[in-house]
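S.K.: can't give you the sequence, but here's the structure:
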Ligand code: ADP
Ligand code: MG
Ligand code: MG
């Protein structure tokens, strides 16, 4: 079996598509050799060898060792040098490289093969003892750190001491004698403090380094990183053993990194940094200020430095030729590492460059224009979730910040302002022109005003689908929820975090994209939408089948969503209209009504409000469909809790406060989410839905008369049984017919139901006979399928994902096996009994890329999500179709 793959200009076993076996770095080294770029020859020990290493109790098997030895002598022949030879020693770098780039794995060891004898050989051969000793001390540092596990700060402090003693700032100013001295010190520190004799045998150095790279696959840092990024543990890592070239031999040598385009803007500008007489990571380690490779790369910090183009014009010209070739070959922006030895350029690594979203969009659009990739390829280049960065303000990455706590990344965007602890204060302070952050244990529908007035919402309790999270996402406001480290005292108006007390008015900043909360003000960068974004989204829209609608309750939200490309409303929650101050009293009068007559009286007061809301929404939609859900939440959400509210209601009803309190108690439910809500309200109080359908149809008729096309879809929530639905439908239809008659005008409308309870999905075949559409309410469907209260899940659900019991939070990404099974069943059974029935999704999942892909697969007609997620869903839907 082949465990080791060679690479050189003469012979190459691998290629760029063998990342699984050779790791990203190894596959690309092989590819570059085939392209005849100057790459120092070497070999890659495969990821399979890594897995074998774990199988055989962390031993490198004889078969693998033999192949390594055979490849080693092959490299010796190619280079004319010998590993461990005293006269003309061959040195290697040992570099790890997994399938996906993975910080936390073992660092690279350079100059392997040096020892007390070979260092002399190198000194003599090159006539450059300073270089020889510099390489040796670097080798001891790196080997000690990554293979021997010694904290290098113990060694590095000696380097700093030496520089101080010599009165120099840069290590290039140290002499050969200084560095030889340093090597002695290093070795004695290793011996005295750690009891380690630095290994002199090059073969021992090599085996131990290979073993250490394999071993690092399962170190804590790497495991954590894989868990966070859903990378399987059974991939293993490859090891690249590569002959060294030297950037630290003097002033005709250098090392550097470059990008084929500007990684922060995507502009077509060759960009990079380098250092003369340096090695390895010196450029990124910030040991000296790196120099710009050309004028385009100059920055404030290095604008007076000489460029590579100026100091080594030949090597620079070669680099330009190579980068162009690499970009054309890989058809993407590359991040390239290079070293120049005595004027000759060597390429040491290439990979697709990391970039900001703005840069990613620009590069994708430019590459299509340059004819390098197709529009379809471009669509697949951007991760939908990344679009978030474009649509919301974010923290300045360069800003200093003090992290005080971390919660759930509930709604993206950065927010910064003075903290307030009540919605009333949020509104007052906002009116006074202050920027506020609403900090609460949790929010309820009564906080809507305060949420609108704040730049962001921070809560101590609640999960990703808590009230704060859902409403903030809908508003496009940043929100961190479930930040359990926060202790909020609403009475005293204080926030305590890990013993430190903050007062109302103190500044606070948080990032809703990662859940991090910071003290004070951290500068933010505004969102910006570019022409490239528009072009790109047009391509995406051209390939997708799924329609994308929005969840919107107001004309403003509707307008925003349409600007983001929404093709209608997938969920309009009528009850959100009930909380405005001038309406809530009427709502309460309705709830407290003792009989139908009083209830109707209260409903009559609400009718004009609802009608005008719908009129506004229809106007914005201008012919796009509007799925309107009739009243859904348990009534207790609307009850008056404060003394003031109770007194107000008592006087409006002409009863005393005690009676109001009693009624409050009577409406109490043990399990309101499974209680008297949704269509169950209509079963007991049919007048409520009749008022709502009347408001919808009257508004629709008015719009129609005014020449605005309307397409209302009336949706009945929380159905479990077809008879429940038919009864309510018949009543609603009768009312609608009455309105048609009164107005002597008809409009088209549809009626359907939400599928949000397991029984409804199971019975979908029956229900489909009576409805025109389905909409999956996956928040409740997830809650009820799992038997998992979403308002309480924050306390234990995180442990489920951490321990891998649930691969992902089922409220974030649809549980395709369980909840998804019910959805699939409902769609296929529904179509059997009613071929015309169509289905959408209106849960929070409608804007999550993996869930969108699932919805595409099971044949939904549309997804619906909050306005700010519409572009994300559009892109996800396009990718699902490719
Ligand atoms: P990382 O995965 O952290 O990028 P690398 O394996 O690319 O680590 O090594 C880091 C740096 O070490 C490279 O950018 C290069 O400067 C230097 N390096 C690695 N191998 C060699 C080599 N064969 N000759 C000279 N320098 C090397
Ligand atoms: Mg590194
Ligand atoms: Mg590298």
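M.R.: Structure's in. What do you need? Note that the structure is a prediction, hence the values are computed from the model and not measured. Numbering: from 1, shown residues only. Ligands and ions are numbered 1, 2, ... in the order given.
S.K.: tell me the residues of the stretch 601-750 of the chain that contact ligand 1?
M.R.: Contact residues, the stretch 601-750 of the chain versus ligand 1 (CB under 6 Å from any ligand atom): none. Backbone N, C-alpha and C define where each C-beta goes, glycine included.
S.K.: revised request: answer the last question for the chain.
M.R.: Residues of the chain lying near ligand 1 by CB under 6 Å from any ligand atom: 40, 93, 95, 108, 110, 242, 244-245, 255, 280-281, 337, 339, 348-349.
S.K.: by neighbours, which of those residues wins?
M.R.: Counting neighbours by other CB atoms under 10 Å, residue 255 leads the residues of the chain next to ligand 1 with 27 neighbours.
S.K.: that one touches residue 336, doesn't it?
M.R.: No. Using CB atoms under 8 Å, residue 255 is not in contact with residue 336; the gap is 11.9 Å.
S.K.: now for the chain, the helix or strand with the poorest mean pLDDT.
M.R.: Counting by mean pLDDT, DSSP states H and E, the chain has its least confident helix or strand at helix 282-285, which shows a mean of 75.
S.K.: the residue in the stretch 301-450 of the chain that ligand 1 sits nearest to: what secondary structure?
M.R.: Ligand 1 sits closest to residue 337 of the stretch 301-450 of the chain, with a gap of 3.7 Å, by CB to the nearest ligand atom. Here residue 337 takes the strand state, with states given by DSSP: H, G, I helix; E, B strand; the rest coil.
S.K.: so what's residue 191 closest to, chain neighbours aside?
M.R.: Spatial nearest neighbour of residue 191, chain neighbours left out: residue 197 (6.2 Å); criterion: CB to CB, 6 or more residues apart in numbering.
S.K.: wait, a helix at residue 649?
M.R.: Yes. Assessed with three-state DSSP, residue 649 lies in a helix.
S.K.: quick one, what contacts it?
M.R.: 585, 588-589, 592, 640, 660 (CB atoms under 8 Å, 6 or more residues apart in numbering).
S.K.: any buried residues in stretch 742-756, and which?
M.R.: 747, 749, 751-756 (16 or more other CB atoms under 10 Å).
S.K.: still on that earlier bit, mind listing which of the residues of the chain next to ligand 1 are in strands?
M.R.: By the criterion of DSSP state E, membership of the residues of the chain next to ligand 1 in strands covers 93, 95, 110, 242, 255, 337, 339, 348-349.
S.K.: what about residue 522, how many neighbours?
M.R.: 21.
S.K.: that one contacts residue 398, correct?
M.R.: No. In this structure residue 522 lies outside contact range of residue 398 using CB under 8 Å: 10.5 Å.
S.K.: where does this protein dip in pLDDT?
M.R.: The model of the chain has pLDDT under 70 over residues 103-104, 284-287.
S.K.: list the contacts of the residue positioned nearest the centre of it.
M.R.: The chain has residue 385 as the residue nearest its centroid, 5.7 Å off, counting by CA atoms, centre = their mean. Residue 385 sits next to 849, 872 when contact means CB under 8 Å, 6+ apart.
S.K.: for the remainder of this discussion, apply numbering that starts at 19.
M.R.: In the new count, where the first residue is 19, that last one comes out as residue 403.
S.K.: farthest-apart pair in the residues of the chain next to ligand 1, please.
M.R.: Longest distance between any two of these is 17.0 Å, between 58 and 299; criterion CB to CB.
S.K.: identify the residue spatially nearest to the closest residue to ligand 3 within the stretch 569-718 of the chain, adjacent ones excluded.
M.R.: Taking CB to the ion, ligand 3 has its nearest neighbour within the stretch 569-718 of the chain at residue 582, 38.7 Å off. Spatial nearest neighbour of residue 582, chain neighbours left out: residue 888 (4.0 Å); criterion: CB to CB, 6+ apart.
S.K.: what's the helix or strand harbouring that neighbour packed up against?
M.R.: Per DSSP states H and E, residue 888 falls inside helix 888-899. For helix 888-899, the packing partners by 3 or more CB pairs under 8 Å, 6 or more residues apart in numbering; DSSP states H and E come out as helix 393-397, helix 406-409, helix 549-561, strand 565-569, helix 867-875, strand 880-883.
S.K.: let's go with 7 Å and repeat that
M.R.: helix 549-561, strand 565-569, helix 867-875, strand 880-883 (3 or more CB pairs under 7 Å, 6 or more residues apart in numbering; DSSP states H and E).
S.K.: now do it against helix 867-875, angle only.
M.R.: Angle of helix 888-899 versus helix 867-875, following axes from the mean of the first three to the mean of the last three CA atoms, to 10 degrees, is 50 degrees.
S.K.: now do helix 888-899 against strand 565-569, angle only.
M.R.: 150 degrees.
S.K.: look up phi and psi at the residue lying farthest from the centre of the chain.
M.R.: Relative to the mean C-alpha coordinate of the chain, counting by CA atoms, centre = their mean, the farthest residue is residue 672 (54.3 Å). Main-chain dihedrals, residue 672, degrees, to the nearest 10: phi 70, psi 30.
S.K.: do the same with the one 5 residues further on
M.R.: For residue 677, the backbone dihedrals (degrees, to the nearest 10) come out as phi -60, psi -40.
S.K.: correct me if wrong: residue 699 contacts residue 648.
M.R.: No. Between residue 699 and residue 648 there is no contact, the gap being 8.7 Å when judged by CB atoms under 7 Å.
S.K.: so for the two, which sits in the more crowded spot?
M.R.: Counted by other CB under 10 Å, residue 699 and residue 648 do not tie: residue 648 has more neighbours, with 26 against 20.
S.K.: please identify the deepest-packed of the helices and strands packed on helix 888-899.
M.R.: Mean neighbour count (mean count of other CB atoms under 10 Å) peaks for strand 880-883 among the helices and strands packed on helix 888-899, with a mean of 30.
S.K.: on that earlier part again, OK, contacts around the residue of the stretch 569-718 of the chain closest to ligand 3?
M.R.: 885, 888-889 (CB atoms under 7 Å, 6 or more residues apart in numbering).
S.K.: distance of residue 597 from residue 463?
M.R.: When distance is defined by CB to CB, to the nearest Å, residue 597 is 5 Å away from residue 463.
S.K.: and residue 603, by the same measure?
M.R.: The gap separating residue 603 from residue 463 is 15 Å, by CB to CB.
S.K.: which ones among the contacts of residue 667 map onto helices?
M.R.: The helices, defined by DSSP state H, take in 603, 606-607, 610, 678 from the contacts of residue 667.
S.K.: widest-spaced pair of the residues you listed?
M.R.: With distances taken as CB to CB, the most widely separated pair in these is 603 and 678, at 12.2 Å.
S.K.: okay, these two: which has more neighbours?
M.R.: Neighbour count, other CB under 10 Å: between residue 603 and residue 678, residue 678 has more, with 22 against 17.
S.K.: having no further points to raise, I will conclude here.
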